[in-house]
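A.B. asks: have a look; sequence and predicted model below, questions after that.
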Amino acid sequence: MKNLLLILNLLLFIPNFYSQVGINTTLPGSTLTINGSFAGPYKTASTSTTLGKGDFYMAFNGTAAAIFTLPAATAASPAPGNISGRVYYIKNTGSAQLTITASGTELIDNQSGSGVANFKLNPAGYAMLISKGTTTGTTWELATFIDKTTSTIAALGATDSVTYTGAALTNFNNSIPQIIPFSFGDMIVNQGGSVRWNDTQDFWEVLESGVYKIEGYAYFGSGGVPTGTYQWTGINLNITKNGTAISNIIGGNRGNFMDTIANIANTPINVNCIVHLNAGDHVYLTMNWGAGNKPTTDAHINAPNSLVESRNFSMQQLSVP
């Protein structure tokens, strides 16, 4: 009987003895105490991916916008069960915007209002997420969120000259907007991933639908003896979308110059607008004749003496979608 009681006491003692485990310590103060360093897997991805059970710290190093999809709250393997408490650390080390999205209809608790289906992580941004243990509604909690840029700021500045002659001048004088190129000696600033510059066709490509503020600036000068009875030239500086037809102009401004000034000097024109754009839209900076006399030899963009920049073109994302 005494032996039986001893065995029962030992069985009761063993669970309590092993309820706290220590690594590099004989006196653990918590369920698990590690007296030393801790290492989790470090992984990188440059394109869209779905995070899994083997992921822990994920660095996005892509140059084009991408999506990280969080796993479903109920894991299918190795055995069905909830992934409550699972943690992901995500850093955007790339140059494009990263979207973090929940699986299916699940939501992310971002500590502000109701749950959201996704959130944006701009370059240099960081986030920590933890599974809440629920299987519907807000299944993930955004525990830490540090975002370096809340909106895209993309800008171009150029120093070289642009000249329209021949067919380009004919189209210019027929009021067909001519694309202003940015290819030589240009300066590009692009924070965020909502737009990207197409250096071959000279347009901003919109990657995320939203409201944008667009600004443009260019000098204008003309060559040759002007034709017509007017003593001035009206030049339009435009922001056009998805082509260079007049009907595609979404913002514009006219500069009216005396013929003498247009022929011997360069004068700046500014344009800006706030407009909603859709993902996939192409946005150009263009210029064309608007009224008065027409240049007969060429139309050109040159910065006057003592000045450097001849034109610039920028976009800023104000809101989504």
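C.D. replies: Arrived safely.

A.B. asks: low-confidence ranges, the stretch 1-150 of the chain, go.
C.D. replies: Applying pLDDT under 70 to the predicted model, the residue ranges of the stretch 1-150 of the chain that meet it are 1-18, 76-80, 148-150.

A.B. asks: where exactly do the strands run in it?
C.D. replies: Taking DSSP state E, counting those that start in this stretch, the strands of the stretch 1-150 of the chain run over residues 21-23, 32-34, 42-45, 49-50, 57-60, 66-69, 74-75, 81-82, 87-92, 98-101, 107-109, 118-121, 126-131, 138-146.

A.B. asks: mind listing residues that contact the first one?
C.D. replies: If you take Cβ atoms under 8 Å, 6 or more residues apart in numbering as the criterion, strand 21-23 is touched by 28, 31-36. No exception for glycine: its C-beta is placed from N, CA and C like everyone else's.

A.B. asks: for I246, see how far away N198 is.
C.D. replies: With distances defined as Cβ to Cβ, to the nearest Å, the gap from N198 to I246 amounts to 22 Å.

A.B. asks: comparing the strands of the stretch 1-150 of the chain, which comes out most buried?
C.D. replies: The highest mean neighbour count among the strands of the stretch 1-150 of the chain, using mean count of other Cβ atoms under 10 Å, belongs to strand 98-101: a mean of 22.

A.B. asks: related to what we said a few turns ago, N198 and I246: who's more crowded?
C.D. replies: A side-by-side neighbour count of N198 and I246, using other Cβ atoms under 10 Å, places I246 first with 15 against 11.

A.B. asks: correct me, but the more buried one touches P177?
C.D. replies: Yes - the pair I246 and P177 qualifies as a contact (Cβ atoms under 8 Å) at a distance of 6.8 Å.

A.B. asks: ok, residues contacting stretch 257-271?
C.D. replies: Stretch 257-271 has contacts (Cβ under 8 Å, 6+ apart) with 215-224, 226, 230-235, 237-239, 251-255, 285, 287, 292-293, 295, 300-304, 310.

A.B. asks: alright, calling it a day.
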